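[1] Take this sequence and fold it.
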Amino acid sequence: MPSGGFDHWKFAIECDKNSDLHQSKIELTKAAKAFFEEGSGNRAGVSRALFEYSTLMDAFALVQEGRILRNELRFEDSLNEFVTASEILRATIHFAYLASYVSGCATLETALEMESNDEKFQGLKNSIALFEQSKIALSFRDERHPSLRSIDALVKFAISRALLVESQTLSEKGSLDESRMKIKQAENVENDLVKLEGRGKIEPSRYKIEYLSKYDCERALDGAMLATFPEARSLWIGNVGNNPAYVEGLGEKKVERTVDVSESSVCPLESSFHGKLRISYMDETTGNRFDEGCLTVI
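    Below is the predicted model of the structure:
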């Protein structure tokens, strides 16, 4: 049975994949409580990170409730849940990019079910804009973050569906050549998506829109994982993973320091430093190496 915050988070993702939104919401609520209790107790050394994960789980639980209400056709109540979730996400240091991401997911899913071509096309355009906002926000933290690939896949999927809607509209107006051109463009975008995701032909009714971010969860359960928080002239570094992490450097500066599981360390920043910073470290158990972007200014 799940026990820690990351365990409940992982189980919530599995429930979501099985379309069990009710159980997923329950697990996310448990995850929020577990993260808070861990940060207040035996993992107080990384409380900054765990408290933010607790907040993230609260937001995700609201997202699942919004999806449940949407399935019950209680659209206004559903919207209120998504609005509250987005407000919570925007207030976090690391996960503000998810505010526009979850809104994009909800907008895309709703658009795919619309019967009117005009409404569907506008909904798809709106979802693309929201995903692009999410990508920009995340790139400020780490322009190489793996989640950018997942967001880009959703953008490509939405673009391919929008092109097909345009094709149908043009066909109905008798512009057959332009309609066929849109179909060809949609096929090209879909081919790019197939290469990006490594899957076969896209079936809209079977395309899984993943609302719940899983990168941090998988990384933390798999081994060493460092979470960072900026201070005035230093960087707080906490190991929320399961293995010790050997910090090799911050940008061009050598650090050469071990951060044990559930422990933290503070590294001063050069007084002349401005802008982005990357942290490089090694999992001392597996030997895996990581090079990740850091937030240096709140």
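
[2] can you count the residues close to the nearest residue to D260 once chain neighbours are set aside?
    Once flanking residues are discounted, D260 sits nearest to P244: 5.1 Å by CB to CB, 6 or more residues apart in numbering. Every residue, glycine included, has its C-beta placed from N, CA and C. If you count neighbours by other CB atoms under 10 Å, P244 ends up with 18.

[3] Please name the residues that touch P244.
    224, 258-261, 283-285 (CB atoms under 8 Å, 6 or more residues apart in numbering).

[4] Of the residues you listed, just say which sits nearest to Q133.
    Checking the contacts of P244 against Q133 by CB to CB gives A224 as the nearest, at 31.2 Å.

[5] so what's that closest one scoring on pLDDT?
    A224 carries a pLDDT value of 97.

[6] got it, and L295?
    So L295 comes in at 77 (pLDDT).

[7] next one: R206
    R206 is given a pLDDT of 55.

[8] for the stretch 151-298 of the chain, what are the low-confidence residue spans?
    Applying pLDDT under 70 to the stretch 151-298 of the chain flags residues 198-206, 271-275, 297-298.

[9] Sort out for me which of the contacts of P244 are in strands.
    258-259, 283 (DSSP state E).

[10] And the next helix or strand past the host helix or strand of S280?
    Counting by DSSP states H and E, the element that carries S280 is strand 277-283. The first helix or strand that comes after strand 277-283 along the chain, using DSSP H and E, is strand 289-294.

[11] what are the C-alpha coordinates of that following strand, in CSV please?
    Taking Å, rounded to 0.1, in the frame of the first residue of the first chain, the C-alpha atoms of strand 289-294 are listed here in CSV:
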residue,chain,number,x,y,z
ARG,A,289,24.2,12.1,-13.8
PHE,A,290,21.9,15.0,-14.1
ASP,A,291,22.2,18.6,-15.4
GLU,A,292,19.1,20.6,-14.5
GLY,A,293,18.0,24.2,-14.5
CYS,A,294,17.6,26.2,-11.3
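
[12] Who are the packing partners of that strand?
    When contacts are defined as 3 or more CB pairs under 8 Å, 6 or more residues apart in numbering; DSSP states H and E, strand 289-294 sits against strand 226-230, strand 277-283.
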